[in-house]
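J.: model the following, please.
(one chain, ligands or ions: 1)
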Amino acid sequence: MNRKVTVVGAGNVGATLAQRMADRELADVVLIDIVEGMPQGKGLDIQEAAPVEGSDARIIGTNDYKDTAGSEVVVITAGIARKPGMSRDDLLNTNCKIVKDCTENILKHSPNTVLMVVSNPLDAMCQVAYKVSGLPKHRVFGMAGVLDSARMRSFIALELGVSVENVHAFVLGGHGDTMVPLPRFSTVAGVPITELLPKERVDAIVQRTANGGAEIVSLLKTGSAYYAPSSSTAEMVDAVLKDKHKVLPCCCYLEGEFGVKGLYVGVPAQLGAKGVEKIWQIKLTADEQAALDKSAAAVKELVGILKL
Ligand SMILES: NC(=O)c1ccc[n+]([C@@H]2O[C@H](COP(=O)([O-])OP(=O)(O)OC[C@H]3O[C@@H](n4cnc5c(N)ncnc54)[C@H](O)[C@@H]3O)[C@@H](O)[C@H]2O)c1
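T.: Coordinates of the predicted model:
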């Protein structure tokens, strides 16, 4: 293989993402971190699983950005994660410096890359990477909606006792307490869940989805979720590498779409080799638009603190 994906940050999300991509033979993977030896150790461990997994992907761990040169896709997962009682917003200033540093280093060696951000607070960190990289907006976007939708899909499938493969869900807005799960567009075999479940069960699923990250943090006590986040990111990388034109909820830079201007917010986007090919502007009800406006306002406030 010679297609290359770099994962910046070899912690829980980064290393699990590297493992998933290597197992699926998506590309060769470079895992980079500031901690010496750790990405090399994890990279070697994943490499040694390859014969058993039947994958010819090459994995290297490194502390040197030279090894990342020529990456088609780079995923930034570097930064601190939440602890119980912390909101994603509490990570703002620390992760801003980290994402800035990673973006600058990546761009020196992979100026043509598609850049995906995972570090939290997600929407604000996308804004940092966009600003620092100077890349066109279609090549900088973030992962959150696929994860939030996957959580909602899981809860719907569990509630109705049906296959997860039958369930689609849509979550828009910022990746925080104000995210906007949309029951109207969440379906089982094409049937909206609003026709399958009483309102209070739909509301409970919406609430559990919005609280999905915090639920895991409070159980783990140290660190935050990484299995579902890495699966969700791998799906987005797959869509880009295979030029799939796949519609997924992604954190994208908006210039008037959904009434939002100059801000990264989660919306349905079509992903292909170039990155974001198109934003799907679905018609929202007044209530849904009001919820999205509120979510965008929360992102704007956070980004304002950074004075980018
Ligand atoms: N967008 C989402 O939906 C989503 C989901 C889960 C986690 N996250 C976020 O992803 C980030 C990573 O989470 P995690 O659980 O993997 O955390 P983690 O602590 O396990 O790993 C973070 C890694 O980043 C590394 N790092 C720190 N500064 C760095 C730098 N300047 N350059 C390179 N590496 C650096 C650390 O050494 C560490 O290994 C957190 O900010 C978390 O909140 C986002």
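
J.: in the stretch 1-150 of the chain, which residue sits nearest the ligand?
T.: Taking C-beta to the nearest ligand atom as the measure, the stretch 1-150 of the chain has Gly11 as its residue closest to the ligand, at 1.7 Å. C-beta here means a position set from N, CA and C on the backbone, and glycine is covered the same way.

J.: the spatially closest residue to that residue that is not a sequence neighbour: neighbour count?
T.: For Gly11, the nearest residue in space outside its immediate sequence neighbours is Thr77; the separation is 6.7 Å by C-beta to C-beta, 6 or more residues apart in numbering. Neighbour count of Thr77, defined by other C-beta atoms under 10 Å: 30.

J.: poorly predicted segments of this protein, please.
T.: Screening the chain residue by residue with the criterion pLDDT under 70, one finds the ranges 1.

J.: quick check: residues of it near the ligand?
T.: Proximity of the chain to the ligand is assessed by C-beta under 6 Å from any ligand atom, with 8-14, 33-35, 77-82, 91, 95, 98, 101-102, 118-120, 122, 143-144, 147, 175, 223-226, 229 identified as the residues in range.

J.: select only the buried ones of those in PyMOL?
T.: Of these, the buried ones go into a single PyMOL selection, burial set by 16 or more other C-beta atoms under 10 Å:
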select buried, resi 8+9+10+11+12+13+14+33+77+78+79+80+81+82+91+95+98+102+118+119+120+122+143+144+147+175+224+225+226+229
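
J.: hmm, back to that, wait, the residue nearest to Gly11 sits on Thr16?
T.: No. Because the distance of 9.4 Å does not satisfy C-beta atoms under 8 Å, Thr77 is recorded as not touching Thr16.

J.: which residue ranges of this protein form strands?
T.: Listed in chain order, the strands found in the chain under DSSP state E are 4-8, 28-32, 59-62, 73-76, 114-117, 140-142, 167-168, 171-172, 180-181, 187-188, 191-192, 246-255, 261-272, 275-279.

J.: listing partners with orientation, what would you give for the fourth one?
T.: Take DSSP bridges as the rule and strand 73-76 pairs in its sheet with strand 4-8 (parallel), strand 114-117 (parallel).

J.: list the buried ones in that strand?
T.: Residues of strand 73-76 classed as buried by neighbour count (16+ other C-beta under 10 Å): Val73, Val74, Val75, Ile76.

J.: residues making contact with it?
T.: 5-9, 14, 17, 27, 68, 99, 102-103, 106, 110, 113-119, 125, 129, 143, 233, 237, 240-241 (C-beta atoms under 8 Å, 6 or more residues apart in numbering).

J.: could you rerun that using 6 Å?
T.: With C-beta atoms under 6 Å, 6 or more residues apart in numbering as the contact definition, strand 73-76 has outside contacts at 5-8, 99, 102, 106, 113-117, 119, 233, 237, 240.
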